[in-house]
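Participant: Provided below for reference: sequence and predicted model.
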Amino acid sequence: MHQAFCQIIPLDRYNWELCLKIEMKPEQRAYMPSVLYSIAQSKFENLEPYGIMHRGKMVGFIMYGNFGGICWINRIVIDKDHQRKGLGRAAMKQLLEILKGKIRCKEIRTSYATSNHVAAAFFASLGFQPLPSNFDDEVIAQYRS
C-alpha cells in the first residue's frame, strides 16, 4: 500500500466545524462517541483535539490528553469514505512523534473495547502492547517504540 499523506492540525475557532462532517461506519459508532461530543469534551477536560487533513479536506479527528505524565490517545476517527487508505496510520505516527518530543509525556497509552478486534490489530501494528488490567470490557495498551 502506498504511504498516505495527511497532516494533523490543532483544532481552533476557524477549522473545528469541518470535523463535524466526519462520519463513522455504523458498526464503529458503538465503540466511539461522536466527533461533536469529543470536541465538547476537550473544552472541559485536559484534551488536545486535532483534525486530520488529506488533499485539502478534513477527513479525520484525533485527540489526546496528558494526565500526570501519561499521554492518552483517546480518539481516532477517519471518515467512513476515507478509511483503508493508510490515513489513520499516518496520523497516528505524526501524533506519536509529537508526543515522544514532549518532556511532560512519560508514557503513551490508549484503550479500546475488548471486542474491537480492528482497533486491537491497528494499535498492535503501531507498537502498542496490552497492559495487565482489571477491566473485562476494555484493553489498556502502552506504546513501546
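Facilitator: Done, it's in.

Participant: what segments of the protein are helices?
Facilitator: For the chain, helices defined by DSSP state H occupy the ranges 35-42, 87-100, 117-125.

Participant: got the ones you listed as JSON lines, with mean neighbour count columns?
Facilitator: Where C-beta positions appear, they are placed from N, C-alpha and C, glycine not excepted. Conversion of the helices of the chain to JSON lines gives the following (neighbours: other Cβ atoms under 10 Å):
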{"stretch": "helix 35-42", "mean neighbour count": "17"}
{"stretch": "helix 87-100", "mean neighbour count": "18"}
{"stretch": "helix 117-125", "mean neighbour count": "15"}
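
Participant: save those as JSON lines, and put in distance to residue 71 and mean pLDDT too.
Facilitator: Formatted as JSON lines, the helices of the chain follow (distance: least, Cβ to Cβ, whole Å; pLDDT from 0 to 100):
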{"stretch": "helix 35-42", "distance to residue 71": "14", "mean pLDDT": "96"}
{"stretch": "helix 87-100", "distance to residue 71": "5", "mean pLDDT": "95"}
{"stretch": "helix 117-125", "distance to residue 71": "14", "mean pLDDT": "95"}
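
Participant: where does the protein have low pLDDT?
Facilitator: For the chain, the stretches flagged by pLDDT under 70 are 1-4.
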